[in-house]
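> I would like to see how this sequence folds:
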Amino acid sequence: MRQYARLVAEAMKRLYEKNLIELKGGNASIRVNIGGLEVILITPSGRAKDKINPDEVAAMTLDGNVVYGRPSSEYRLHLEVYRRIGRARAVVHAHNPLATVLAESGLPLEPFAGEAFNTCITMVEYHPAGTAELARAVADRLASSGCRVAVMERHGIVSIGEGADPEKALLDAIELVEAVELAAFRALTLLVSAPLLLYRG
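Numbers count the residues shown, from 1 in each chain. Prediction:
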């Protein structure tokens, strides 16, 4: 169990170091089978994201029972995604600054994400953080669209990692979050430079 908890702790440190979450913001989880019991290991509540100890990572069953630890306040979102999307093995919620703003403006980010970006991006209307309403809205949009990335209005991004290997799935979900932010940076660069290129032309 500890090796999987370490993956969650390392994921949060990576996202923090890349400025995709704040010190107390964002969360990640992986779904694993331990001794015949399917659980999710999820970021603990209230901890600085660059200093999470694997022993602090919380565990929950898919029906919402806490096995140990203090799960993130966004645990409802993670559970709802796993319940609705059977292929999901990892879920990452980050607070991408550029991608959130540009996606809300209606700018499609997929064309800027590169050839390796093999999914679509869907939008979710605003709901307060940590609520069952937000959890249902995100899971509904991801399930109905088939996308593995959702941008939540005024909030951030949720991505899904797939596959049998929890470590690879979590890495996949993190890479999606990073790719969307890079796409937003590229899109913003184009928007800023386009008038200059026209002027020079």
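
> strands of the protein, start to end?
Taking DSSP state E as the test, the strands found in the chain are 27-34, 37-42, 58-61, 66-68, 88-94, 121-124, 149-152, 156-162.

> relative to the longest one, what are the paired strands and their orientations?
Partners of strand 27-34 in the sheet, by DSSP bridges, are strand 37-42 (antiparallel), strand 88-94 (antiparallel).

> can you tell me which helix in the chain is longest?
In the chain, with assignment by DSSP state H, the single longest helix is helix 166-200.

> now do the buried residues in that helix.
Judged by neighbour count using 16 or more other C-beta atoms under 10 Å, the buried positions of helix 166-200 are 166-167, 169-174, 176-184, 186-188. To be clear about C-beta, it is placed using only N, CA and C from the backbone, and glycine gets the same treatment.

> residue contacts, Asn96?
Leu20, Gly156, Ile157, Val177, Val180, Glu181, Ala184 (C-beta atoms under 8 Å, 6 or more residues apart in numbering).

> how far away is the spatially closest residue to the fifth one that is not a sequence neighbour from Leu134?
Nearest non-adjacent residue to Val180, counting by C-beta to C-beta, 6 or more residues apart in numbering: Ala99, 4.7 Å away. When distances are taken as C-beta to C-beta, to the nearest Å, Ala99 and Leu134 turn out to be 18 Å apart.

> do the same with Asp50
Distance of Asp50 to Leu134, given as C-beta to C-beta: 25 Å.

> who's more crowded, those two?
With neighbours defined as other C-beta atoms under 10 Å, Asp50 and Leu134 compare such that Leu134 has more, 22 against 14.

> Ala150 is in contact with that one, correct?
No: Leu134 is not in contact with Ala150 according to C-beta atoms under 8 Å; the separation is 10.6 Å.

> what residues are shared contacts of these two?
Joint contacts of Leu134 and Ala150 (C-beta under 8 Å, 6+ apart) are Val124.

> thinking again about what came up before, okay, the contacts of Asn96 in CSV with pLDDT and distance to Ser29 next?
Compiled in CSV, those are given as follows (pLDDT from 0 to 100; distance: C-beta to C-beta, whole Å):
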residue, pLDDT, distance to Ser29
Leu20, 96, 16
Gly156, 95, 15
Ile157, 97, 15
Val177, 96, 14
Val180, 95, 19
Glu181, 94, 20
Ala184, 92, 24
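
> nearest to Gly64 among the residues you listed?
Gly156 (22.6 Å; C-beta to C-beta).

> give me every residue that touches the residue nearest to the closest one when sequence neighbours are not counted.
Distance criterion C-beta to C-beta, 6+ apart; nearest residue to Gly156, sequence neighbours excluded, is His95 at 4.0 Å. Listed by C-beta under 8 Å, 6+ apart, the contact set of His95 reads Leu20, Ile21, Glu22, Gly25, Gly26, His155, Gly156, Ile157.
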